[in-house]
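J.: Got a predicted structure here, sequence first:
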Amino acid sequence: MSVIASSGMAPLVARYAKALCHLNYARRIGRLGLILGSGVSDELEIPKWKDLIEGIEQRLNYSGAGAPEAHRAEQLFQHYKKLRKEELGWAGGARLDAAVSVGWRDVVAQCLYKCFLNVDGEFDESAYVQKIRDHPYLLNLGRLAHNIGTQLAGFQGTGAPSAGLVVSHNFDDALEAAIELNPSQEPPSRRYHSFWRPEPFLRRGVVNIYHPNGYTPLRRGLRGSESLVLTEATFADHLANTNTEESNFLLRHLADKTCLIIGHSLADGTLKNALRQHANQRPAHVNYYVHWVRNGESELNDDQRRAIREANFETYNLVTIFASSAEVSELLLTVMMTEDDFEGHLKKHSQIARYVYYVVGAVSSGKSTTLRHLRDLATVEEWPNKMPPIMNRQSIGLKKTEEEEIDEGLEDAIWKKNTEIRSMKVGIVAVDRAPLDFIAFPATDDEPMRETATRRAKAVLGRLLRDDMRDFCAGQVILVRAETEALVQRQMQRGGRTKPEEVANGSTASYLSNQKARLDDIYKDASVIDSDRCSVGTSVKAAARIIHFDDYVPFDFAGRLRAIQGDN
């Protein structure tokens, strides 16, 4: 019996359906990234940093106990350098430095792959390969990594990145070996490209595997890095270089992708720095962090899980997934599914496959700004085609022919947007404006909402009104609010829409205040963001929190329209 079944826990797809939908979507459009840590290699019996340092100490018969790991490694390196110099009898210089570097990497490799040494002290590659085959999810990880690298050829010209990148903070070549063990991938010699210094151009058609801490492969014929970020000096240099191409390489990767982080304890300084910078620069762009728990998330109580989730999101914009090794394998398989297969898998478990969020607000409230920060999701613009120029004017005082022109454009835009949303079977969709917004744009200052809705509903909603809006894609409403004075100021800054005399006589403030009040009334019980009482970063992060953490509550658009039309 599985851990999940025995503990009474819901399967992973039920607990994290929304997260899996987003990850599956990111993979399908070529924007999924992988960031791997030492936890991936735990079940291969490859030691973590602390255990690796202890192993090197034993091998060199040197004790640096009491010092931090990085400083102990530096002591070990200096001790080895002394021993090597005495052994060779060479004076200092470039030749000695090269010999020390090669020998030091060999010492690290001997300790890193200690459990794969045979009785003669040589590496047993077959034992290593078998261990990888027996790993609960490494083969699936290799398949996903390879898929990330090779699927992008079909996305050329769509704005997707031109090459796939996986970041591995591990010294070992377990991921590379897992990729080669997949018999369905051909040709084997072109499956991946491993490197340890940022490259100006990534290779297409293969997965690019970046080892920022260095790389020392077990298998023969593979080239390792010249150095390893293991000692105090190399670690300090790595953290200090905040303005170099190397330090910005990971940050650019985070900005371009939706990343899935596996096997990390969030202890790596370079990763934490990049995640924090990314969170400050793109406050609504989330990545996903797998918090490994041996027997499933029930090992942690509700308070512990909540605290971990909040800490990871507030600090690094991470959405946390608590998972055992078996569940990580399940996660990887769902991410690799086709859209149709995953939709069926979700329905089998009674889960939603498409989450739609309509972002609404008065003119200049910040709704479009919010949408711009949510482009790691699927987004649908307010106007699929060009906006009618007449829309730049206030709705009050328009001629009948002008209002008809607007309504015709709105009906076509709403229908096309709905069709675009419907084409997305699996994913999270953020939409600029919702179909009942037209009620907030009256013909006169005192026109009741009932009259506006009754007079214009058929013209604006047209095809969607058939069958009581059953063709309409349901979704949750996020209402972006701002004080009237802030709306007026933003209108003035945008230019063109607002005349100075309209601001001076108060008509702009009156119009926007009325529009804001109507939207509040139309979208009762919507999720609300106050965009003028905090920074843009705080405001858009609040939108991300609603989308990724709050319960999904679709708005009853048809019912609300009937209620407004029936109001006295």
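T.: Structure received.

J.: phi, psi of Asn208?
T.: As for Asn208, its main-chain torsions (degrees, to the nearest 10) stand at phi -90, psi 120.

J.: Count the neighbours of it for me.
T.: 21 (other CB atoms under 10 Å). Every C-beta, even on glycine, is put in place using the N, C-alpha and C of the backbone.

J.: List the contacts of it.
T.: With contacts defined as CB atoms under 8 Å, 6 or more residues apart in numbering, the neighbours of Asn208 are 149, 163-166, 192-193, 195, 199, 202.

J.: Next, the buried residues of stretch 272-284.
T.: Burial within stretch 272-284, assessed by neighbour count using 16 or more other CB atoms under 10 Å, is assigned to 273-275, 277-279, 282-284.

J.: how far out from the middle of the chain is that stretch?
T.: Between the mean C-alpha point of stretch 272-284 and the mean C-alpha point of its chain there is a distance of 12 Å (CA atoms, centre = their mean, to the nearest Å).

J.: Over to stretch 358-370?
T.: Relative to the chain's own centre, stretch 358-370 is displaced by 23 Å; criterion: CA atoms, centre = their mean.

J.: And stretch 399-406, by the same measure?
T.: Averaging C-alpha positions (CA atoms, centre = their mean) puts stretch 399-406 43 Å from its chain's average.

J.: Of the buried residues of stretch 272-284, which is the nearest to Asp445?
T.: For the buried residues of stretch 272-284, the residue nearest Asp445 by CB to CB is Ala284; the value is 35.5 Å.

J.: Could you check how far the closest one is from Leu254?
T.: 13 Å (CB to CB, to the nearest Å).

J.: What helices and strands are in contact with whatever helix or strand Lys18 lives in?
T.: Per DSSP states H and E, Lys18 falls inside helix 17-28. With contacts taken as 3 or more CB pairs under 8 Å, 6 or more residues apart in numbering; DSSP states H and E, helix 17-28 sits against helix 138-150, strand 258-262, strand 287-292, helix 325-336, helix 339-348, strand 354-361, strand 427-432.

J.: Take the contacts of Asn208 and lay them out in JSON lines including distance to Leu175, pLDDT and secondary structure.
T.: Shown next, in JSON lines, are the contacts of Asn208 (distance: CB to CB, whole Å; pLDDT from 0 to 100; DSSP: H, G, I helix; E, B strand; the rest coil):
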{"residue": "Gly149", "distance to Leu175": "12", "pLDDT": "81", "secondary structure": "helix"}
{"residue": "Ala163", "distance to Leu175": "17", "pLDDT": "65", "secondary structure": "coil"}
{"residue": "Gly164", "distance to Leu175": "13", "pLDDT": "83", "secondary structure": "strand"}
{"residue": "Leu165", "distance to Leu175": "13", "pLDDT": "89", "secondary structure": "strand"}
{"residue": "Val166", "distance to Leu175": "7", "pLDDT": "94", "secondary structure": "strand"}
{"residue": "Tyr192", "distance to Leu175": "8", "pLDDT": "89", "secondary structure": "strand"}
{"residue": "His193", "distance to Leu175": "12", "pLDDT": "91", "secondary structure": "strand"}
{"residue": "Phe195", "distance to Leu175": "13", "pLDDT": "91", "secondary structure": "strand"}
{"residue": "Glu199", "distance to Leu175": "18", "pLDDT": "86", "secondary structure": "coil"}
{"residue": "Leu202", "distance to Leu175": "16", "pLDDT": "86", "secondary structure": "coil"}
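
J.: returning to what we had before: identify whichever of the helices and strands packed on helix 17-28 lies nearest to Phe171.
T.: Nearest to Phe171 among the helices and strands packed on helix 17-28 is helix 138-150; the distance by CB to CB comes to 15.8 Å.

J.: measure the spatially closest residue to Lys347 that is not a sequence neighbour to Asn170 for me?
T.: Take Lys347 and drop its neighbours on the chain: the residue closest to it by CB to CB, 6 or more residues apart in numbering is Ala353, 6.9 Å away. With distances taken as CB to CB, Ala353 is found 34 Å from Asn170.

J.: Looking at these two, which is more packed in?
T.: The residue with more neighbours, out of Ala353 and Asn170, is Asn170; 22 against 19, by other CB under 10 Å.

J.: Surely that one touches Ser38?
T.: Yes: Asn170 sits in contact with Ser38 when judged by CB atoms under 8 Å, with a separation of 5.7 Å.

J.: So what's the residue count around Arg220?
T.: If you count neighbours by other CB under 10 Å, Arg220 ends up with 7.

J.: Against Pro217, how distant is the closest residue to it other than its chain neighbours?
T.: Once flanking residues are discounted, Arg220 sits nearest to Glu125: 7.2 Å by CB to CB, 6+ apart. Here the distance between Glu125 and Pro217 works out to 10 Å (CB to CB).

J.: now Leu76
T.: According to CB to CB, Leu76 and Pro217 sit 22 Å apart.

J.: between these two, who's got more neighbours?
T.: Under the criterion of other CB under 10 Å, the comparison of Leu76 against Pro217 puts Leu76 first, with 23 against 20.

J.: show me the contacts for that one.
T.: Contacts for Leu76 were tallied using CB under 8 Å, 6+ apart; they are 53, 56-57, 60, 62, 64, 231.

J.: what about burial for the residues you listed, which qualify?
T.: 53, 56-57, 60, 64, 231.

J.: Among those residues, which one sits closest to Arg95?
T.: The closest of those to Arg95 turns out to be Thr231 (CB to CB; 20.9 Å).
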